[in-house]
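Participant: dropping the sequence and predicted coords here.
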Amino acid sequence: MASDLFLRAACMDWDAIDRSSYLWTIPAIAGVEWVDFDKPVTCFVGENGSGKSTLLEAMAINCGFNPEGGTKHYSFSTFDSHSELNQCMRLIKGPKKPRWGYFLRAESFYNVATAEAEYSRNGGQPQRLHEKSHGESFLATVQNNFQGGGVYLLDEPDLSPQRQLTLLHEIHTCARAGAQFFIVTHSPILLGLPDAAILSFDNGPIHPIAYEDTDSYQIMSLFLSDRRRILHDLLDE
């Protein structure tokens, strides 16, 4: 139920964004004033550069997370690269406040792991993320930090298919326990989570799309069903 969600919508005041900003060149989000969230899990899907991570990042900052990721207690900064979209955004929140949360992004996860190691020296149980592979540390972070009653934002979790299934199970379990998720992904596995809302950033402003209509599903399905022909047409000189 939408009334049970921590975040119900994101609204943007585009008068606060200078017309010279590159944000105006992103068709999916330029001028969009309102984006509704009505499911415990919302996936952002679309081509690279379509604005998915830009919107997720702005939402994370407005939730109080570090732009590079981590919990709300993480305050480090290695490179200031986030857009000004967060400055014109207001999140419409439900009556309940989340008990916990995490912003997990692939491109800066090394920096988060480094910060975690530093913070653990001041108390707490070290997770030793740098001693694991990228996928192992990513999944360990999920299993150690995700729980019911929290808000979690995931930017392109990079995992093997088997570990994507494990992540799918973790998300489903937490969502059933009252958590809310926002996930940027190209993965047909993660997009296939039952009853997840999928918002497309392709072909115009942000809009809902059915799982079977996503490029991620269609291209993967076509490749798996007719691999030899696809490779012949693609590679034949």
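Facilitator: Sure thing, it's come through.

Participant: in the top helix by length along the chain, what's buried?
Facilitator: Residue-count comparison of every helix in the chain, with assignments taken from DSSP state H, identifies helix 161-176 as the longest. For helix 161-176, the neighbour count (16 or more other Cβ atoms under 10 Å) marks R163, Q164, L167, L168, E170, I171, H172, C174, A175 as buried. For glycine as for every other residue, the C-beta is placed from the backbone atoms N, C-alpha and C.

Participant: give the contact list for the residue lying closest to P161 once chain neighbours are set aside.
Facilitator: Of all residues beyond its chain neighbours, the one nearest P161 is I189 (6.4 Å), with distances taken as Cβ to Cβ, 6 or more residues apart in numbering. By Cβ atoms under 8 Å, 6 or more residues apart in numbering, I189 lies in contact with P161, Q164, L165, L168.

Participant: and which of those is nearest C43?
Facilitator: Proximity to C43 was ranked across the contacts of I189 by Cβ to Cβ; first place goes to L168, at 11.4 Å.

Participant: for that closest one, give me its contacts.
Facilitator: When contacts are taken as Cβ under 8 Å, 6+ apart, L168 is in contact with I189, L190, G192, L193.

Participant: quick revisit: which among the buried residues of helix 161-176 gets closest to S225?
Facilitator: For the buried residues of helix 161-176, the residue nearest S225 by Cβ to Cβ is Q164; the value is 20.1 Å.

Participant: roughly how far apart are that closest one and G192?
Facilitator: Computed with Cβ to Cβ, to the nearest Å, the distance linking Q164 and G192 is 10 Å.

Participant: ditto for C88
Facilitator: Plainly put, C88 is 33 Å away from G192 if you go by Cβ to Cβ.

Participant: now do the helices in the protein.
Facilitator: Counting by DSSP H, the chain has these helices, from start to end: 52-62, 109-120, 134-145, 161-176, 188-191, 215-225, 227-235.

Participant: those: which one's closest to D155?
Facilitator: Nearest to D155, of all the helices of the chain, is helix 52-62, at 5.3 Å by Cβ to Cβ.

Participant: tell me which other helices or strands the closest one touches.
Facilitator: Judged by 3 or more Cβ pairs under 8 Å, 6 or more residues apart in numbering; DSSP states H and E, the packing partners of helix 52-62 are strand 7-12, strand 41-45, strand 89-93, strand 100-105, strand 150-155, strand 180-184.

Participant: who are the packing partners of the fifth one?
Facilitator: Using 3+ Cβ pairs under 8 Å, 6+ apart as the contact definition, the elements that strand 150-155 packs against are helix 52-62, strand 100-105, strand 180-184.

Participant: list the buried residues in the second one.
Facilitator: Buried positions in strand 100-105, judged by neighbour count with 16+ other Cβ under 10 Å: G101, Y102, F103, L104, R105.
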